[in-house]
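Engineer: sequence-free structure coming up:
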């Protein structure tokens, strides 16, 4: 079975997010609770402030899967609904199949850390 991961709306005012970290590589197995990626969300378009309200989030998987393909890299800005990655239930499933459903994930707020794309000297 093939699953897809699209960028979900984490906040009602969110329109996009930046990929800060990717923790898995294509071909790797992921177990329940494993880190998949970190995101930053800038909500300054919805709030008038002197400093932008940027929040950071971690996405973790809620089911055992294999990462087939990632369509983003750290630093990419992604729109809500954009396809980020494709997964499968078994390692050897054909990757050209139509996704059966979205990947089950959990999202949690996190603090900015030194491993993030935005923390690098680019």
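Structural biologist: Great, that's in hand. All figures in this text were calculated on a predicted structure; none of them were measured in a lab.
Engineer: residues contacting the nearest residue to residue 29 once chain neighbours are set aside?
Structural biologist: Excluding its sequence neighbours, the residue lying closest to residue 29 (CB to CB, 6 or more residues apart in numbering) is residue 66, at 5.4 Å. Where C-beta positions appear, they are placed from N, C-alpha and C, glycine not excepted. Residue 66 is in contact with 27-30, 87-91, 93, counting by CB atoms under 8 Å, 6 or more residues apart in numbering.
Engineer: now with 7 Å?
Structural biologist: 29, 87-88, 90-91 (CB atoms under 7 Å, 6 or more residues apart in numbering).
Engineer: show me what it is bridged to.
Structural biologist: residue 29, residue 88 (DSSP bridges).
Engineer: roughly how far does it sit from residue 115?
Structural biologist: Distance, residue 66 to residue 115, by CB to CB, to the nearest Å: 24 Å.
Engineer: same question for residue 6.
Structural biologist: Taking CB to CB, one finds residue 6 at 24 Å from residue 115.
Engineer: who's more crowded, those two?
Structural biologist: Of the pair residue 6 and residue 115, residue 6 is the one with more neighbours under other CB atoms under 10 Å, namely 15 against 12.
Engineer: per-residue confidence for the more buried one?
Structural biologist: On pLDDT, residue 6 comes in at 98.
Engineer: try residue 35
Structural biologist: Reading off the confidence values, residue 35 has pLDDT 97.
Engineer: for it, which non-adjacent residue is closest in space?
Structural biologist: residue 23 (4.2 Å).
Engineer: re the thing from before, quick one: which of the contacts of residue 66 has the most company?
Structural biologist: residue 87 (25 neighbours).
Engineer: now that one: how far from residue 3?
Structural biologist: Counting by CB to CB, the separation of residue 87 from residue 3 is 4 Å.
Engineer: start to end distance for stretch 114-121?
Structural biologist: With CA to CA, to the nearest Å as the measure, stretch 114-121 spans 11 Å from end to end.
Engineer: show the backbone phi and psi for the nearest residue to residue 40 once chain neighbours are set aside.
Structural biologist: Once flanking residues are discounted, residue 40 sits nearest to residue 18: 4.7 Å by CB to CB, 6+ apart. Taking degrees, to the nearest 10, you get phi -110, psi 130 for the backbone angles of residue 18.
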